[in-house]
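Asks: when you get a sec, could you give me coordinates for this:
(2 chains)
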Number of protein chains: 2
Amino acid sequence: MPTLYHHPMSTASRFIRLVLSEYGFQVDLVEEQTWEKRREFLSLNPAGTLPVYVDDNMRVLCGPVVISEFLDETHGVLKRDRRLLAEDPFQRAEIRRLTEWFLQKMEQDVTKPLVRERVHKLLIPNGLGGGAPDSKVLRTARGNIRQHMKYLSWLSGSRQWLAGDRLSYADLAAAASLSVLDYLGEIEWSEFPIAKEWYQRLKSRPSFRPLLAERLRGLTPVSHYADLDF
Amino acid sequence: MPTLYHHPMSTASRFIRLVLSEYGFQVDLVEEQTWEKRREFLSLNPAGTLPVYVDDNMRVLCGPVVISEFLDETHGVLKRDRRLLAEDPFQRAEIRRLTEWFLQKMEQDVTKPLVRERVHKLLIPNGLGGGAPDSKVLRTARGNIRQHMKYLSWLSGSRQWLAGDRLSYADLAAAASLSVLDYLGEIEWSEFPIAKEWYQRLKSRPSFRPLLAERLRGLTPVSHYADLDF
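Replies: So this is what the prediction gives:
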């Protein structure tokens, strides 16, 4: 069985778990604490980032873009209307643009700083960068959430799915990011009813169940985290 | 004619200019100062990043990954042994991994902070974030160059081109980044003879000429910048 190195609070890992599950792949999950900089892990991915996918022939694929493009080329292309990338090149461009938006822009602006301050600092020993969260970083990241939620509301209000008529990588990337933030109770859903309706549809998919069932040691999610009707 | 919004000191812009030129495209270049956050530019790309490609039908493609994947799908695929992505999915994965390495990891570690401190701060008015470079940021970024140059030396020493037997996006992404750093005189070429030989090959290609001829107002490149025999 292929192996996926991941972390429960990594947006990119959650994104690839959703993609694999939508396409019916089974993988062995290995939790990696990237801040430990394990030599064996760095020999798989010298960039030290997650997720990393190792197939049955020990061939290695690093990072969400490389893995998702590979899965599209080798599997998605056969899935017809369940393909998570489109056939038309411009439509593919729009899916890729939005996927990057959530995996990179929203990640830099919001998810990465919040996870670093609220999760990693709990898990990392004090001398190695752990400790109390930096309230200034938290404030800035929280200030940025609103703009991303507005953009998400606009997208989900004007299209069936975020990038068009079909579920795509863009939806899974956005939902991966939101599920991390929602675990931490960072989303004021009452302010964003249209985005909420979209997220509810995503959350109800079988591919989402394993993510909703997962719990981080020492950090309980908000009470509505796993509720499909929140 | 299509339009490319770019900046002379943006790695991602240089990468796409090289790709377009290798594939024989002519484009109108429009220089964009992203820090001005022009409303018209943000309506093309709400992420506010470069490059942005607008085709003859005013269809918009944002960012180096989206543009390069689109160009591969619509043109590269017809180029046979001049294609800048491979046919084999694993080989494509390796090209994408390295392209991302230079456009993102090296960019974050080295090129982006050096360009921000040494170029943008010159161009941006004082009240809006311009001013003297932060020497601590410069020191950290310069410390990171060595590791990236070592990795580049290893890749160019063990393979014909960075990702394998053929010139690919990986070479153009790496060369784009290096050309920005070289303009600023940040690379100690005598320490990296193998990487230098590889860069010399890249620099001699016709696609490179426009980049080498370009000059930034108020910032002269190092004397060897445009020399093919440096």
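Asks: quick one: residues contacting A:Ser168.
Replies: A:84-86, A:95, A:99, A:161-162 (C-beta atoms under 8 Å, 6 or more residues apart in numbering or on different chains). No exception for glycine: its C-beta is placed from N, CA and C like everyone else's.
Asks: nearest to B:Ala176 among the residues you listed?
Replies: Nearest to B:Ala176 among the contacts of A:Ser168: A:Thr99, at 22.6 Å, using C-beta to C-beta.
Asks: hang on, that closest one packs against A:Asp171?
Replies: No: here A:Thr99 does not reach A:Asp171: they are 9.2 Å apart, not a contact under C-beta atoms under 8 Å.
Asks: which neighbours do these two share?
Replies: Here A:Thr99 and A:Asp171 have no joint contacts, going by C-beta under 8 Å, 6+ apart.
Asks: got the contact list for the nearest residue to A:Phe25 once chain neighbours are set aside?
Replies: Closest residue in space to A:Phe25, ignoring its immediate chain neighbours: A:Pro2 at 7.1 Å, by C-beta to C-beta, 6 or more residues apart in numbering or on different chains. With contact set as C-beta under 8 Å, 6+ apart, A:Pro2 has these partners: A:25, A:27-28, A:53-56.
Asks: list only buried entries from these.
Replies: By neighbour count, with 16 or more other C-beta atoms under 10 Å in any protein chain shown, the contacts of A:Pro2 hold A:25, A:27, A:53-54 as buried.
Asks: dump the lengthiest helix in chain A to PDB, keeping only the CA atoms.
Replies: Longest helix in chain A by number of residues (criterion: DSSP state H): helix A:135-158. The C-alpha trace of helix A:135-158 is given here as PDB (Å, rounded to 0.1, in the frame of the first residue of the first chain):
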ATOM      1  CA  SER A 135      -0.500  37.700  20.300                       C
ATOM      2  CA  LYS A 136       0.500  40.100  17.500                       C
ATOM      3  CA  VAL A 137       0.800  37.300  15.000                       C
ATOM      4  CA  LEU A 138      -2.600  35.900  16.100                       C
ATOM      5  CA  ARG A 139      -4.200  39.300  15.700                       C
ATOM      6  CA  THR A 140      -2.900  39.800  12.200                       C
ATOM      7  CA  ALA A 141      -3.800  36.300  11.000                       C
ATOM      8  CA  ARG A 142      -7.300  36.600  12.500                       C
ATOM      9  CA  GLY A 143      -7.700  40.000  10.800                       C
ATOM     10  CA  ASN A 144      -7.000  38.300   7.500                       C
ATOM     11  CA  ILE A 145      -9.600  35.600   7.900                       C
ATOM     12  CA  ARG A 146     -12.500  37.900   7.100                       C
ATOM     13  CA  GLN A 147     -11.200  38.800   3.600                       C
ATOM     14  CA  HIS A 148     -10.700  35.200   2.600                       C
ATOM     15  CA  MET A 149     -14.100  34.200   3.900                       C
ATOM     16  CA  LYS A 150     -15.600  37.000   1.800                       C
ATOM     17  CA  TYR A 151     -13.800  35.800  -1.300                       C
ATOM     18  CA  LEU A 152     -15.000  32.200  -0.500                       C
ATOM     19  CA  SER A 153     -18.600  33.500   0.000                       C
ATOM     20  CA  TRP A 154     -18.400  35.300  -3.400                       C
ATOM     21  CA  LEU A 155     -17.100  32.200  -5.100                       C
ATOM     22  CA  SER A 156     -19.600  29.800  -3.500                       C
ATOM     23  CA  GLY A 157     -22.500  32.300  -4.100                       C
ATOM     24  CA  SER A 158     -21.800  32.800  -7.800                       C
END
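Asks: quick one: mean pLDDT over stretch A:89-99.
Replies: Stretch A:89-99 shows an average pLDDT of 98 in the prediction.
Asks: if we can go back for a sec, turn the buried ones among the contacts of A:Pro2 into TSV, columns for distance to B:Met9.
Replies: Listed next are the buried ones among the contacts of A:Pro2 as TSV, based on distance: C-beta to C-beta, whole Å:
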residue	distance to B:Met9
A:Phe25	42
A:Val27	41
A:Tyr53	35
A:Val54	38
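Asks: which of those residues sits closest to B:Val66?
Replies: Using C-beta to C-beta, A:Tyr53 comes nearest to B:Val66 of the buried ones among the contacts of A:Pro2, at 22.3 Å.
Asks: what bridges to that closest one?
Replies: Applying DSSP bridges to A:Tyr53 gives these bridge partners: A:Leu4, A:Leu61.
Asks: surely it touches A:Thr3?
Replies: Yes: assessed by C-beta under 8 Å, A:Tyr53 is found in contact with A:Thr3 at 7.4 Å.
Asks: what residues are shared contacts of those two?
Replies: Jointly contacting A:Tyr53 and A:Thr3 under the rule C-beta under 8 Å, 6+ apart are A:Val27.
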